[in-house]
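Enquirer: After the sequence you'll find the predicted model.
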Amino acid sequence: MTQDPATQRREATNVDGMAGTQGADPLAVDPADVLGGPRAGAFDEKSPPDAALIGDCVHCGFCLPTCPTYVLWGEEMDSPRGRIYLMKEGLEGEPMTDEMVGHFDACLGCMACVTACPSGVQYDTLIEQTRAQVERHHERSASEKALRGLIFSLFPHPKRLRLMRGPLKVMQRTGLDRAVRRTGLLERLAPQLAAMEKLAPRLGKAMPLPAHITAIGERRMTVGMLVGCVQGAFFPGVNAATARVLRAEGCDVVVPQDQGCCGALSVHAGREDEGKAFAKALVDAFDDAGVERIVVNAAGCGSTMKEYAELLADEPAYADRARRFAELVRDVSEVLLELGPRAERHPLDVTIAYHDACHLAHAQGIRKQPRDLLTDIPGLTLKEIPEAEICCGSAGIYNILHPEPAQELGDRKAANIVKTGAELLVTANPGCLMQVTASLDRHAEQNGSRPMGMAHTIEVLDASIHGAPLSTLMDR
Ligand code: SF4
Ligand code: SF4
């Protein structure tokens, strides 16, 4: 990804400093001009970026300081406002160029701009619509296609991911992974594959969950549980901790054994049909579960599952079921706060830094719940991380597709985390866990300091409820 074309385009379109633009509004779109009818520009008629939503942007620029790509490069076209401007240009007849796609691809989909926007611009909907158009109309290079093909033939398939555990464990135990890394060969030949290798977490033992787990004491709720793809294969301990905590808090836990991917990765990458197919299969899998809530412990999955009603609105056989399904979906922190604590919390004498996963904080508005759960633990001190609203660079598969900016954002996040002086970093998304672990390890290596412990929110709660020693959290 080069920045030069962005600069050229910015100058050509002269939208820098739009906040001060006088006269005709450069972002104003007459919906009548662009909705319906054949389109000669970048987008076809099937859900192009919504002109009315584009028109909501008053180009005030409040979103700019929270946008990670704008923070990194300072380029208008790599800001939310600039990308919205490009969408408008595409609607008005501009063709879909490589430069235009480069700016859309560079967006992390972190939704920090949605939180920051005082005008309520629905950038999340706009970029989703745009990405689906890009996937339909943009011809990617052979190497890009191969990489995306590899990613999507692997990550949304829990069984295939589980098959990877064996060879990965052998590599980690024999030190082959570190040896390969030291040669720097993979980095030079295929930086994206090198990024993938660096992100792989240290694997513990597999812990498959049974189909039914019975509440301890009087049952307060029956919940279904999403196992997830990456969470299930690479962080089985997080799922086991989730089930133990729910059970301790009086929940019967139903784990449909035929569940697959929720479709989040596909939907966020514009692979609309694939995402819908995964969503439909998941609705089917929970159909007969008879649960009052569907609990999710991965932020990216939860935010997509809460949007199934919109995603499957045009599917007659699924629209109603998808709406009912979405109404039941909750992050695990939401369900635990709804229930209120029943199991005793044992002290954990630890200072933690809590990292907001973008798809929990920005996409679902969940910030208070995990903090409340954590600060209820006796002895635990919570520190806030400077620049908390800026993404860590994980963003689904972004850190594989765009390793360089992802690493810069990871390094920035690691430096901010270390500033807190915390002993343990806590977050609620497997992607963040991998990205921040790799970034903190790099920081420790470069500064000769001890790597920081990392844990999912639910693992900290599990340790407190079950009186586990702090070392179980610190030894990752
Ligand atoms: S904050 Fe909202 S209205 Fe202002 S420029 Fe950003 S997207 Fe547009
Ligand atoms: S989603 Fe994130 S990266 Fe994309 S424009 Fe918004 S703030 Fe920037």
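Expert: Arrived safely, thanks for sending. Ligands and ions are numbered 1, 2, ... in the order given.
Enquirer: Return the residues of the protein in contact with ligand 2.
Expert: Applying CB under 6 Å from any ligand atom, we find that the chain lies next to ligand 2 at 66-69, 80, 83, 107-113, 123. The C-beta positions use only the backbone N, C-alpha and C, and glycine is treated the same way.
Enquirer: quick one, helices of the stretch 251-400 of the chain?
Expert: 264-268, 272-286, 299-305, 308-311, 319-328, 332-339, 358-361, 368-375, 398-401 (DSSP state H, counting those that start in this stretch).
Enquirer: Mean pLDDT added to these, as JSON lines?
Expert: Shown next, in JSON lines, are the helices of the stretch 251-400 of the chain (pLDDT from 0 to 100):
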{"stretch": "helix 264-268", "mean pLDDT": "94"}
{"stretch": "helix 272-286", "mean pLDDT": "97"}
{"stretch": "helix 299-305", "mean pLDDT": "96"}
{"stretch": "helix 308-311", "mean pLDDT": "96"}
{"stretch": "helix 319-328", "mean pLDDT": "97"}
{"stretch": "helix 332-339", "mean pLDDT": "98"}
{"stretch": "helix 358-361", "mean pLDDT": "96"}
{"stretch": "helix 368-375", "mean pLDDT": "98"}
{"stretch": "helix 398-401", "mean pLDDT": "91"}
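Enquirer: Figure out which of the ones you listed is closest to residue 255.
Expert: Nearest of the helices of the stretch 251-400 of the chain to residue 255, taken as CB to CB: helix 272-286 at 10.2 Å.
Enquirer: who touches the closest one?
Expert: Outside of helix 272-286, the residues within contact range by CB atoms under 8 Å, 6 or more residues apart in numbering are 132, 135, 152, 156, 224, 226, 256, 258-264, 266-267, 294, 304-305, 308, 311-312, 315, 318, 321-322, 325.
Enquirer: quick one: it to helix 319-328, angle?
Expert: Angle between the axes of helix 272-286 and helix 319-328 is 70 degrees (criterion: axes from the mean of the first three to the mean of the last three CA atoms, to 10 degrees).
Enquirer: how much space between the residue nearest to the spatial centre of the chain and ligand 1?
Expert: Nearest to the geometric centre of the chain sits residue 300, at 4.0 Å (CA atoms, centre = their mean). Here residue 300 is placed at a distance of 22 Å from ligand 1 (CB to the nearest ligand atom, to the nearest Å).
Enquirer: ok, residue 352 - contacts?
Expert: 374, 380, 381, 382, 383, 422, 423, 424, 425, 426, 460.
Enquirer: Weed out the non-buried ones from the residues you listed.
Expert: 374, 380, 382, 383, 422, 423, 424, 425, 426, 460 (16 or more other CB atoms under 10 Å).
Enquirer: Return the nearest residue of the stretch 101-250 of the chain with respect to ligand 1.
Expert: Per CB to the nearest ligand atom, residue 117 is where the stretch 101-250 of the chain lies closest to ligand 1, at 3.2 Å.
Enquirer: Run through the residues that contact that residue.
Expert: 57, 62, 63, 80, 123.
Enquirer: please redo it, this time with the cut-off set to 7 Å
Expert: Residue 117 makes contact with 62, 63 under the criterion CB atoms under 7 Å, 6 or more residues apart in numbering.
Enquirer: Next to ligand 1 in this structure, residues from the chain, please.
Expert: Near ligand 1, when you scan the chain using CB under 6 Å from any ligand atom, you find 57-63, 80-81, 113, 116-117, 119, 121.
Enquirer: re earlier: take the residues of the chain next to ligand 2 and keep only those in helices.
Expert: 68, 69, 80, 83, 112, 113, 123 (DSSP state H).
Enquirer: Residue 333 and residue 452, how far apart?
Expert: Taking CB to CB, to the nearest Å as the measure, residue 333 falls 22 Å from residue 452.
Enquirer: Then residue 410?
Expert: 13 Å.
Enquirer: Kindly give a single ChimeraX line that selects the buried subset of the contacts of helix 272-286.
Expert: Typed into ChimeraX, the line below selects the buried ones among those, using 16+ other CB under 10 Å:
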select :132,135,152,156,224,226,256,259,260,261,262,263,264,266,267,294,304,305,308,311,312,318,321,322,325
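Enquirer: Any stretches of this structure with poor pLDDT?
Expert: Scanning the chain for pLDDT under 70 picks out 1-40, 181, 184-190, 192-193, 196, 476.
Enquirer: and if we set it to 80?
Expert: 1-40, 164-204, 206, 449-451, 475-476 (pLDDT under 80).
Enquirer: per the record, what domains does it have?
Expert: Residue ranges for the domains of the chain, per automatic domain parsing: 4-137, 145-199, 212-337, 345-474.
Enquirer: give the contact list for the nearest residue to residue 392 once chain neighbours are set aside.
Expert: Leaving aside its sequence neighbours, residue 392 sits nearest to residue 413 (CB to CB, 6 or more residues apart in numbering; 4.2 Å). Contacts here follow CB under 7 Å, 6+ apart; on that basis residue 413 touches 392, 436, 439.
Enquirer: And residue 172, by the same measure?
Expert: Counting by CB under 7 Å, 6+ apart, residue 172 has contacts 202, 203.
Enquirer: SS state for it?
Expert: helix (DSSP: H, G, I helix; E, B strand; the rest coil).
Enquirer: What separation do you get for it and residue 451?
Expert: Taking CB to CB, one finds residue 172 at 15 Å from residue 451.
Enquirer: With residue 290 instead?
Expert: 44 Å.
Enquirer: If we ignore the residues flanking it in sequence, what's nearest whichever residue of the stretch 351-476 of the chain sits closest to ligand 2?
Expert: Of all residues in the stretch 351-476 of the chain, residue 391 sits closest to ligand 2, at 6.4 Å by CB to the nearest ligand atom. Spatial nearest neighbour of residue 391, excluding adjacent residues (CB to CB, 6+ apart): residue 110 at 3.9 Å.
Enquirer: list the contacts for the one you found?
Expert: Contacts of residue 110 (CB under 7 Å, 6+ apart): 68, 358, 362, 391, 395.
Enquirer: And those residues, which is closest to residue 179?
Expert: Distances from residue 179 to the contacts of residue 110, taken by CB to CB, are shortest for residue 395, at 29.2 Å.
Enquirer: Would you list the phi and psi of the closest residue to that closest one other than its chain neighbours?
Expert: Distance criterion CB to CB, 6+ apart; nearest residue to residue 395, sequence neighbours excluded, is residue 108 at 3.9 Å. Backbone torsions for residue 108, taken as degrees, to the nearest 10, come to phi -80, psi -10.
Enquirer: Neighbours of residue 108, how many?
Expert: 25 (other CB atoms under 10 Å).
Enquirer: likewise the one 5 residues further on?
Expert: Number of residues near residue 113 (other CB under 10 Å) recorded here: 27.
Enquirer: Isn't it up against residue 80?
Expert: Yes - with contact defined as CB atoms under 7 Å, residue 113 counts as touching residue 80 (3.7 Å).
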